[in-house]
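Colleague: Whatever this is, show me its structure:
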Amino acid sequence: MASKHVCFIVGSQSPLQFWTDPSHPNGPLSAQSSITTSFIPQKASIAEAKFQGGWDLIQVLPHLQELKQIINSGLFTKAANSNPIWKPESDGNFRLRSAWNTVRSPNPKPPWVSSVWFAGHTPKFSITAWQALQDKLSTRDNLHFLGPNHDRSCLLCNSVSESVNHIFFNCSYSAWIWQVILRRISERRKQKKSLSDEENWIRSKFKKKGQTYTLVRTLLTASIYLLWQERNSRLFQKKKTHKRFLLSRIISATRSRILALKLEDEDSEENQRISNSFNLPLFSKATDPKFCHWEPLAAYEIKLNPDASLASDTASIGGLLRDHLDWRPSPRPQGYNPISLLC
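Modeller: Sure, this is the predicted structure:
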């Protein structure tokens, strides 16, 4: 399959054989009975046929047009060796991405991609969410082929038929968990009718990348993963977890992930409120320095600015001193940013 995407830059001392080299898609030229000529010796290399005799002989042999077309598609150089080139890439270098694109049929990305495969996602959470959004989880509703006597009741609430849209989040067990999470992100509403609707709401409401963007998506994928784990635990191990404990596990897993990422976000009221509800620090994005007015100091007085650092993960102190003659900036270490002397 890949051979049709590879060709050789043939050098003047290339050992590749003109008639017996197997790189042609249909096999060696010698095996193709329609292509024969006595002008090129049987043991001639491609380099000998090209650089010594040229391709002029093909011009006068109309019955070798197929051979001419095959040969003219190659690339030749005066270099000594032969080098393979990867035709899908303009520079001839092989790349796994272009190889993958040559053997697959690309399809447009589904809209929920940004809610599942976002930067900083947790792989095991995202894989389960990816399956759920495509309705590929082995819910009892999807296992109808087991027969009409197969129990289809939900393992979380033991009531209606178990399906993806029921488990996430219309089951009484999961609906309570999701309602608490929605209240924590300052959203008071009923759960949507389907998982796709919930994902679409998150994608539409939280568009700007940052800590809150990643937080709400991690909450969604973690909820899907841990609810599915709880469902399987009840089915295979006969173990049940109270919904309050499962909620605690979802929030704990989400907090651990966000704290590890240390993402920045705008210092808006909404972002601050959501971060506080999950007991998370909000790392504000650096903004342009603001200059403020300093009241005149009396002689020998000192004013310190303890919040002078422009970085979110460091701290520094800037200060101004005044002696009895004039204003003078306080001594500072080498490399100290003088702008931090201004609040």
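
Colleague: And stretch 265-281, what's buried?
Modeller: Buried positions in stretch 265-281, judged by neighbour count with 16 or more other C-beta atoms under 10 Å: Asp265, Asn271, Ile274, Ser275, Phe278, Leu280. Placement of C-beta: from N, CA and C, glycine included.

Colleague: How about stretch 234-243?
Modeller: In stretch 234-243, the ones that count as buried by 16+ other C-beta under 10 Å are Arg234, Thr241, Lys243.

Colleague: I'd assumed His121 was in a strand, is it?
Modeller: No: the secondary structure assignment for His121 gives coil rather than a strand, going by DSSP: H, G, I helix; E, B strand; the rest coil.

Colleague: Now stretch 28-44: average pLDDT?
Modeller: With pLDDT averaged residue by residue, stretch 28-44 scores 63.

Colleague: do the same with stretch 268-277
Modeller: For stretch 268-277, mean pLDDT is 93.

Colleague: Contacts for it, please.
Modeller: By C-beta atoms under 8 Å, 6 or more residues apart in numbering, the surrounding residues in contact with stretch 268-277 are Arg184, Ile185, Ser186, Gly210, Gln211, Thr212, Leu215, Val216, Asp265, Pro281, Leu282.

Colleague: okay if I get the buried residues of stretch 234-243 as TSV plus secondary structure and distance to Arg152?
Modeller: Compiled in TSV, the buried residues of stretch 234-243 are given as follows (DSSP: H, G, I helix; E, B strand; the rest coil; distance: C-beta to C-beta, whole Å):
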residue	secondary structure	distance to Arg152
Arg234	helix	15
Thr241	coil	22
Lys243	helix	22
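
Colleague: out of these, who's nearest Leu155?
Modeller: Arg234 (4.7 Å; C-beta to C-beta).

Colleague: Widest-spaced pair of the buried residues of stretch 265-281?
Modeller: Of all pairs in the buried residues of stretch 265-281, the most separated under C-beta to C-beta is Asp265 and Phe278 at 12.9 Å.

Colleague: in the stretch 51-200 of the chain, what spans have low per-residue confidence?
Modeller: Where the stretch 51-200 of the chain drops to pLDDT under 70, the residues are 51-83.

Colleague: Show me where it has its helices.
Modeller: Using DSSP state H, counting those that start in this stretch, the helices assigned to the stretch 51-200 of the chain run over residues 56-59, 65-72, 96-103, 113-116, 123-133, 164-165, 172-184, 195-205.

Colleague: re earlier: of the contacts of stretch 268-277, closest to Ala44?
Modeller: Minimum separation from Ala44 among those (C-beta to C-beta) is found for Gly210, which lies at 66.0 Å.

Colleague: so the closest one touches Glu264, yeah?
Modeller: Yes: at 6.3 Å, Gly210 counts as touching Glu264 under the criterion of C-beta atoms under 8 Å.

Colleague: what touches both of these two?
Modeller: Taking C-beta under 8 Å, 6+ apart as the contact criterion, the common neighbours of Gly210 and Glu264 are Lys285.

Colleague: one step back: is it possible to get CSV of the helices of the stretch 51-200 of the chain that adds mean neighbour count and distance to Leu220?
Modeller: What follows is the helices of the stretch 51-200 of the chain, written out as CSV (neighbours: other C-beta atoms under 10 Å; distance: least, C-beta to C-beta, whole Å):
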stretch, mean neighbour count, distance to Leu220
helix 56-59, 13, 65
helix 65-72, 14, 55
helix 96-103, 11, 28
helix 113-116, 18, 7
helix 123-133, 19, 7
helix 164-165, 20, 14
helix 172-184, 18, 9
helix 195-205, 17, 6
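
Colleague: Would you convert those helices into CSV that also reports distance to Thr221?
Modeller: Converted to CSV, the helices of the stretch 51-200 of the chain look like this (distance: least, C-beta to C-beta, whole Å):
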stretch, distance to Thr221
helix 56-59, 62
helix 65-72, 53
helix 96-103, 25
helix 113-116, 7
helix 123-133, 4
helix 164-165, 14
helix 172-184, 12
helix 195-205, 10
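
Colleague: And for Gln134, the neighbour number?
Modeller: Here the number of neighbours of Gln134 (other C-beta atoms under 10 Å) works out to 12.

Colleague: Phi and psi next, for it.
Modeller: Its backbone dihedrals place Gln134 at phi -100, psi 10, with angles given as degrees, to the nearest 10.

Colleague: list the contacts for it?
Modeller: Gln134 makes contact with no residue, according to C-beta under 8 Å, 6+ apart.

Colleague: Could you do Leu156 as well?
Modeller: For Leu156, the set of contacting residues under the criterion of C-beta under 8 Å, 6+ apart consists of Ile167, Cys171, Ser172, Tyr173, Ser174, Leu227, Glu230, Arg231, Arg234.

Colleague: now swap in Ser105 and tell me
Modeller: Ser105 makes no contacts at all, as judged by C-beta under 8 Å, 6+ apart.

Colleague: could we number from 240 for the rest of this?
Modeller: Okay, using 240 as the starting number, the last item reads as Ser344.

Colleague: how near is it to Glu426?
Modeller: 39 Å (C-beta to C-beta, to the nearest Å).

Colleague: now do Arg343
Modeller: With distances defined as C-beta to C-beta, the gap from Arg343 to Glu426 amounts to 39 Å.

Colleague: and what of Ala368?
Modeller: Taken as C-beta to C-beta, the span from Ala368 to Glu426 is 19 Å.

Colleague: okay but Trp417 is in contact with Ile463, surely?
Modeller: No: no contact is recorded between Trp417 and Ile463 when judged using C-beta under 8 Å, the distance being 10.3 Å.
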